[in-house]
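Trainee: Got a sequence here, can you build the structure:
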Amino acid sequence: MQIAGFNHSAGEVGLWCEQELGVRCEASTAGEKVTIHPRPRELTPAEAAQIQAFLGSTKPFSISVDSARIEADDIDTATITITTDPAISTIQLDVQGEAEDVSLVSGVGTLELTADTPTIAPHVTVGAVDTDTYGFKTVTVRAV
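Mentor: Numbers count the residues shown, from 1 in each chain. Reported below is the predicted structural model:
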């Protein structure tokens, strides 16, 4: 199936299948092309239509960090960059369990993180709050 603007991973498609259909499916992705493989079983036509409609409602999303390791001095900063649909003006990010609103301009925004104490595993993980729309991509920052 072709899904305009789709930029999510095969693993995310598998998680969405399980979430939406109750069936873990194996998938592969290549740009906007998504292939659902008949493993562990072929999806019914109704399931295939449902997952295609769901995947079509997702938004492109990428998240990156300029430094996965920062000094715990309340000065050193990690800048997290989010890119999504240009029509989106704000996005909520989950920053270690706390929701943070990030303003976007033409679908791009940044969040800066500092720390005053060292972090311990799992360190600081950041991703979209709305995983139904934006997927499961995250970045992790470690303060030392």
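Trainee: How about the contacts made by the closest residue in space to G56 that isn't next to it in sequence?
Mentor: Of all residues beyond its chain neighbours, the one nearest G56 is I3 (5.4 Å), with distances taken as CB to CB, 6 or more residues apart in numbering. Every residue, glycine included, has its C-beta placed from N, CA and C. For I3, the contacting residues are 32-34, 52, 55-56, 58, taking CB atoms under 8 Å, 6 or more residues apart in numbering as the criterion.
Trainee: Out of the residues you listed, which end up buried?
Mentor: Using 16 or more other CB atoms under 10 Å as the burial test, these include 34, 52, 55, 58 as buried.
Trainee: How about the second one: what's its closest non-neighbour residue?
Mentor: It stands for Q52. By the measure of CB to CB, 6+ apart, the closest residue to Q52 outside its immediate chain neighbours is M1, 5.1 Å from it.
Trainee: From W16, how far off is that neighbour?
Mentor: From M1 across to W16, the span is 13 Å (CB to CB, to the nearest Å).
Trainee: before we move on, the earlier item: in strands only, show me the contacts of I3.
Mentor: Secondary structure from DSSP state E places 33-34 of the contacts of I3 in strands.
Trainee: Show me which pair in the contacts of I3 is furthest apart.
Mentor: When the contacts of I3 are compared pair by pair using CB to CB, the farthest-apart members prove to be K33 and T58, with a separation of 14.6 Å.
Trainee: Perfect, that will be all.
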